[in-house]
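S.K.: Next comes the sequence, and after it the predicted model I'd like to discuss.
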Amino acid sequence: MAGGLNFSYSKLGLYKECPQKYKFRYILKFPEKPKYYFAFGSALHKVMEFMYSAGYPPFPELEDVLKFFKAEWDSTSFEYKGYADAAKEKDGFLEGARIIKAFYEKHKNDNNPPLSTEYKSTVNIDGLSVISIVDRIDYLGGGRVSILDYKTGKTVAREPDQLLMYQKLMDNNPRLLEMIRRRDPAAKEAKISNMLFYYLPTLEEQYLQPAPKERIDDFWAGVLKVAADIMAAKFNPDPGESKCRFCDYRALCPVWAPSAKDEALADGAARNAAPAGPMEELSAKIDACGAALAAADKLKQEITAIMAKNNFTRHFGKNYAAELETINTLDFKDSQKTLELLKEFNLLPKVCVPTINSIQKLLESGVLDPRQKQAFDALTRKQSEKRLKINKTED
Ligand code: SF4
């Protein structure tokens, strides 16, 4: 059994997709590039929360909902959202506005206020600390609830895993009954009556009945197996043509390193390969570290260029903040002449030891008269350099 692991449905999904990718994302904490579909989905989720929590029913005025969406959308640049350019970002905005109007029209006369929106909980169970955010919980009476998850991508029949996870967590969350009793003090039990995926682009709903206990037990056994593998540091790559093609970590991935690439492609052997010896492992770590540093340098250059172009001095990712400083420095064309000038103007005692820094401080201190300043200006070159700092944001 796994113990003490912070877990979530998205972590489960990523590990199942590729354990090596999970390692890059959650163990090594290498950020992925922004994805426009996440930004699009996140903005629509916030709009849904706004509509359902602003004194519903009724919804706020449509005009106010659209204003909320626009403010949310405009709070970040197209690059930050992950769109290729401003035109594509605009298409995304128009599509979002279309969806909101259609949703509003369909549901404006509904009169069952949800029990909760964006319901965040952490449930400790079987040694796991599982975080979940349920998009909407509707109350159906008699202690029964409906759990809803909005989807903002294509309408395709989905595997119910996400809802099975919610069912397991809700069945083990005493706060659900407390929440129900605030609405319906007579409720004796909390019961999940149905679950649905709501596809916002088409307004279609995919209903699922709660799974029987054996199904939930099977599903949960799979979750515990994944958690145990993570705790045992089993992070073998699981390559696949389409997932690797779109993987942000491909340049760092051992499968695609020149030495491993051919074997991995030949027979997918990478995931079953015999464990490497300590020296090979060390070499692989050194190569992975070098590649990660090179990738980080490249990212820093790209971030600096985008921030400088937009005159940003601070900008935020989900977990990190970037600060761009402009450092002005002086360069002395002829150090001997600079020294002579200091002597000539009797300024040597003011700098104690004549270094670039001490002389720069003197020139910036305002004690020089115009003639002295002009003489030094003729000997100096002003330089300006951008310095980027990336720091973890507070949790
Ligand atoms: S490139 Fe492929 S194998 Fe490597 S981490 Fe990404 S998905 Fe996994």
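M.R.: Happy to help now that I have it. Numbers count the residues shown, from 1 in each chain.

S.K.: Poorly predicted segments of the stretch 151-300 of the chain, please.
M.R.: Low-confidence segments of the stretch 151-300 of the chain, defined by pLDDT under 70: 155, 257-280.

S.K.: give me every residue that touches residue 157.
M.R.: Contacts were defined as CB atoms under 8 Å, 6 or more residues apart in numbering; by that measure residue 157 touches residue 206. For glycine as for every other residue, the C-beta is placed from the backbone atoms N, C-alpha and C.

S.K.: and with 10 Å instead?
M.R.: With contact taken as CB atoms under 10 Å, 6 or more residues apart in numbering, residue 157 is in contact with 197, 206.

S.K.: With residue 44 instead?
M.R.: Taking CB under 10 Å, 6+ apart as the criterion, residue 44 is in contact with 69, 72, 95-96, 99-100, 103, 150-152, 200-201.

S.K.: Closest to residue 235 out of these?
M.R.: Proximity of those to residue 235 (CB to CB) peaks at residue 151, which lies at 29.0 Å.

S.K.: quick revisit: so among the contacts of residue 44, which ones count as buried?
M.R.: 69, 72, 96, 99-100, 103, 150-152, 200-201 (16 or more other CB atoms under 10 Å).

S.K.: Tell me which two in the residues you listed are the farthest apart.
M.R.: 72 and 151 (18.7 Å).

S.K.: Please enumerate the strands of the stretch 51-200 of the chain.
M.R.: According to DSSP state E, counting those that start in this stretch, the stretch 51-200 of the chain carries its strands in the segments 116-125, 128-141, 144-151, 191-199.

S.K.: would you turn the ones you listed into CSV with distance to the ligand?
M.R.: Written out in CSV, the entries for the strands of the stretch 51-200 of the chain read as follows (distance: least, CB to the nearest ligand atom, whole Å):
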stretch, distance to the ligand
strand 116-125, 28
strand 128-141, 24
strand 144-151, 23
strand 191-199, 25
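
S.K.: Show me what residue of the stretch 51-200 of the chain gets nearest to the ligand.
M.R.: The nearest approach of the stretch 51-200 of the chain to the ligand comes at residue 82, 17.8 Å away (CB to the nearest ligand atom).

S.K.: pLDDT wise, what is the residue nearest to that residue when sequence neighbours are not counted at?
M.R.: The shortest distance from residue 82 to any non-neighbouring residue, by CB to CB, 6 or more residues apart in numbering, is to residue 34 (3.5 Å). Looking at residue 34, its pLDDT reads 90.

S.K.: On the three-state scheme, residue 34 is what?
M.R.: On the three-state scheme (DSSP: H, G, I helix; E, B strand; the rest coil), residue 34 is labelled coil.

S.K.: wouldn't it be in contact with residue 81 here?
M.R.: Yes. Residue 34 lies in contact with residue 81 (CB atoms under 10 Å); the separation is 6.2 Å.

S.K.: Tell me which residues touch residue 137, please.
M.R.: With CB under 10 Å, 6+ apart as the criterion, the residues that contact residue 137 are 114-119, 145-148, 166, 170, 176, 179-180, 192.

S.K.: Please repeat the previous calculation with a cut-off of 8 Å.
M.R.: Contact criterion CB under 8 Å, 6+ apart gives 114-117, 119, 145-148, 176, 179 as the residues in contact with residue 137.

S.K.: What of residue 107?
M.R.: Under the criterion of CB under 8 Å, 6+ apart, the contact list for residue 107 reads residue 59.

S.K.: Neighbours of the residue lying closest to residue 51 once chain neighbours are set aside, how many?
M.R.: Taking CB to CB, 6+ apart as the measure, residue 51 lies nearest to residue 59, with 5.0 Å between them; neighbours along the chain are not counted. Residues contacting residue 59 under the criterion other CB atoms under 10 Å number 19.

S.K.: Pull the number of nearby residues for residue 82.
M.R.: Applying other CB under 10 Å, I find that residue 82 has 19 neighbouring residues.

S.K.: I'd guessed it sits against residue 41; true?
M.R.: No. Counting by CB atoms under 8 Å, no contact exists between residue 82 and residue 41, whose distance comes to 11.4 Å.

S.K.: And the chain, split by domain according to the record?
M.R.: Per automatic domain parsing, the domain ranges recorded for the chain read 29-107, 116-228, 320-392.

S.K.: Tabulate those domains (a markdown table), appending distance to residue 15.
M.R.: Converted to a markdown table, the domains of the chain look like this (distance: least, CB to CB, whole Å):
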| stretch | distance to residue 15 |
| --- | --- |
| domain 29-107 | 15 |
| domain 116-228 | 5 |
| domain 320-392 | 23 |
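
S.K.: Can you say which of the ones you listed is nearest to residue 5?
M.R.: domain 116-228 (5.3 Å).

S.K.: How about the residues of the stretch 1-150 of the chain by the ligand?
M.R.: Among all residues of the stretch 1-150 of the chain, those adjacent to the ligand (criterion: CB under 6 Å from any ligand atom) are 18, 20-21.

S.K.: Export these as CSV, with columns for neighbour count, pLDDT and secondary structure.
M.R.: Compiled in CSV, these are given as follows (neighbours: other CB atoms under 10 Å; pLDDT from 0 to 100; DSSP: H, G, I helix; E, B strand; the rest coil):
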residue, neighbour count, pLDDT, secondary structure
18, 24, 96, coil
20, 22, 95, helix
21, 24, 95, helix
